[in-house]
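Trainee: sequence plus predicted model, see below.
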Amino acid sequence: MQKEFSKVWRNVDYPGIELFHAYFHQFCFGKHWHDELAIGIIQAGAEQLDYRGETAILPQGSIVAINPSEVHTGFSGSDHGWHYRMFYFDTGLIEQILQEHNGFGLAPTPFLRGPNIYDPQLFSLFDQLHRSLEEESLALASDSLLTIAITQIFTRHGDQKFQPKSVKDKRAPSLAKAYLRENWQRNVTLDELCHYTDVSRYQLIRSFNRQFGITPHQFLILLKTQQARTLFQAGGNSAEVAIDCGFFDQSHLTRNFKKAFGITPGRYIQSM
């Protein structure tokens, strides 16, 4: 049987988010609450909660949503325990993200309809976001995933009517695309792109994806991997190419190169 473990940390670039990753089998949480908004994903097994006077079982694939200050417990809901990842978001950060993008305005501290949310697309987004804050990732990727995940979960599962503002400047996606082409070697941030195009985060991501079928951070990563392939064809090695293309290290390059081309850089170089 897998050994129990737990890990807690904060990414220095996102002080308003505490992150937790754990596997428990025998351990049980007593009654407690969080001042933050707690959102998590059940990766394996099942968790059981006592929450709002009821008991809920959250199986693999579930999103856990516990609103701030609400008392709850947590313990195994299966014979195999539960493996999960959690976010604890400062409410100020949540309000900041939502107020920037909501065309109707927003009351403080919106609530989620929880504790069990089944939404595979959102599950994948929160999984990607959690991993991006654990590993070295492009700022544009983490910023975009955070904006999309929070906006979408409140749009689909929140207690308030939410309508993202429309983009007035239809040139924004093309401007952002051109800017990324000119600065593909750098770790461009979402705020930098928004300042350049004069639109909000979610507006830019939404309009860019609608026009080009891809998000700005996905486009930047593909620019980097396309250039890496060109450099490999010219005789470059993985270490040099990773630096030249603005990846954090060779493993960062390898992960994204294989996603794009279905082959590792090492095997690609051997085929040249």
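Mentor: Everything's here; your move.
Trainee: which stretches in this structure count as helices?
Mentor: Remark: helices assigned in the chain by DSSP state H are 91-101, 120-132, 139-157, 172-182, 190-197, 201-212, 216-233, 238-244, 250-261, 265-270.
Trainee: and the angle from the third one to helix 190-197?
Mentor: An angle of 90 degrees separates the directions of helix 139-157 and helix 190-197 when computed by axes from the mean of the first three to the mean of the last three CA atoms, to 10 degrees.
Trainee: number the chain from 51, please
Mentor: From this message on, residue numbering opens at 51, which makes the last subject helix 189-207.
Trainee: okay, the helices of the chain in TSV with distance to residue 80 and mean pLDDT next?
Mentor: Yep, even glycine has a C-beta here, placed from its N, CA and C like the rest. Shown next, in TSV, are the helices of the chain (distance: least, CB to CB, whole Å; pLDDT from 0 to 100):
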stretch	distance to residue 80	mean pLDDT
helix 141-151	23	86
helix 170-182	25	97
helix 189-207	27	93
helix 222-232	48	96
helix 240-247	39	94
helix 251-262	38	92
helix 266-283	40	95
helix 288-294	46	92
helix 300-311	39	91
helix 315-320	49	86
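Trainee: can you list the domains in the chain?
Mentor: 55-207, 221-322 (automatic domain parsing).
Trainee: make TSV out of these and add mean neighbour count.
Mentor: TSV is the format used below for those (neighbours: other CB atoms under 10 Å):
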stretch	mean neighbour count
domain 55-207	17
domain 221-322	18
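Trainee: pull the longest strand from this protein.
Mentor: If you go by DSSP state E, the chain has its longest strand at strand 87-101.
Trainee: which residues does the residue nearest to the spatial centre of the chain contact?
Mentor: Most central in the chain under CA atoms, centre = their mean is residue 179, positioned 2.1 Å from the mean C-alpha point. Contacts for residue 179 (CB atoms under 8 Å, 6 or more residues apart in numbering) come out as 137, 192, 195, 196, 199.
Trainee: cutoff 10 Å now
Mentor: By CB atoms under 10 Å, 6 or more residues apart in numbering, the residues touching residue 179 are 64, 67, 69, 89, 91, 135, 137, 187, 191-192, 194-200.
Trainee: do the same with residue 255
Mentor: Residues near residue 255 by CB under 10 Å, 6+ apart: 151, 193-195, 197-198, 201, 214, 223, 226, 240, 243-244, 249, 265-267.
Trainee: go on, residue 79?
Mentor: Residue 79 makes contacts with 97, 99, 100, 122, 123, 124, 125, as judged by CB under 10 Å, 6+ apart.
Trainee: for these, which one is nearest residue 271?
Mentor: The shortest approach to residue 271 among these belongs to residue 97, at 32.7 Å (CB to CB).
Trainee: so the closest one makes contact with residue 113?
Mentor: No: counting by CB atoms under 10 Å, residue 97 does not reach residue 113; the two are 11.4 Å apart.
Trainee: who touches both of these two?
Mentor: Taking CB under 10 Å, 6+ apart as the contact rule, residue 97 and residue 113 both touch 90, 165, 166.
Trainee: low pLDDT regions in the stretch 51-200 of the chain?
Mentor: Residues of the stretch 51-200 of the chain meeting the criterion pLDDT under 70: 51, 152-159.
Trainee: so which of the helices of the chain comes closest to residue 73?
Mentor: Nearest of the helices of the chain to residue 73, taken as CB to CB: helix 170-182 at 14.5 Å.
Trainee: how far out from the middle of the chain is that closest one?
Mentor: 5 Å (CA atoms, centre = their mean, to the nearest Å).
Trainee: then stretch 233-253?
Mentor: For stretch 233-253 - counting by CA atoms, centre = their mean - the centre lies 17 Å from the chain centre.
Trainee: with only the CA atoms kept, save that stretch in PDB.
Mentor: Provided in PDB are the C-alpha atoms of stretch 233-253 (Å, rounded to 0.1, in the frame of the first residue of the first chain):
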ATOM      1  CA  ASN A 233       9.300  38.400 -27.900                       C
ATOM      2  CA  TRP A 234       9.100  34.600 -28.100                       C
ATOM      3  CA  GLN A 235      12.500  34.100 -26.400                       C
ATOM      4  CA  ARG A 236      11.400  35.900 -23.200                       C
ATOM      5  CA  ASN A 237       9.200  34.800 -20.300                       C
ATOM      6  CA  VAL A 238       6.400  37.200 -21.300                       C
ATOM      7  CA  THR A 239       3.700  37.800 -18.600                       C
ATOM      8  CA  LEU A 240       0.000  38.100 -19.000                       C
ATOM      9  CA  ASP A 241       0.000  41.500 -17.400                       C
ATOM     10  CA  GLU A 242       2.600  42.600 -20.000                       C
ATOM     11  CA  LEU A 243       0.400  41.400 -22.900                       C
ATOM     12  CA  CYS A 244      -2.700  43.100 -21.300                       C
ATOM     13  CA  HIS A 245      -0.800  46.400 -20.900                       C
ATOM     14  CA  TYR A 246       0.300  46.200 -24.600                       C
ATOM     15  CA  THR A 247      -3.200  45.400 -25.900                       C
ATOM     16  CA  ASP A 248      -5.200  47.500 -23.300                       C
ATOM     17  CA  VAL A 249      -7.700  44.700 -22.400                       C
ATOM     18  CA  SER A 250      -8.200  42.700 -19.300                       C
ATOM     19  CA  ARG A 251      -6.700  39.200 -18.700                       C
ATOM     20  CA  TYR A 252      -9.800  37.200 -19.300                       C
ATOM     21  CA  GLN A 253     -10.900  39.300 -22.200                       C
END
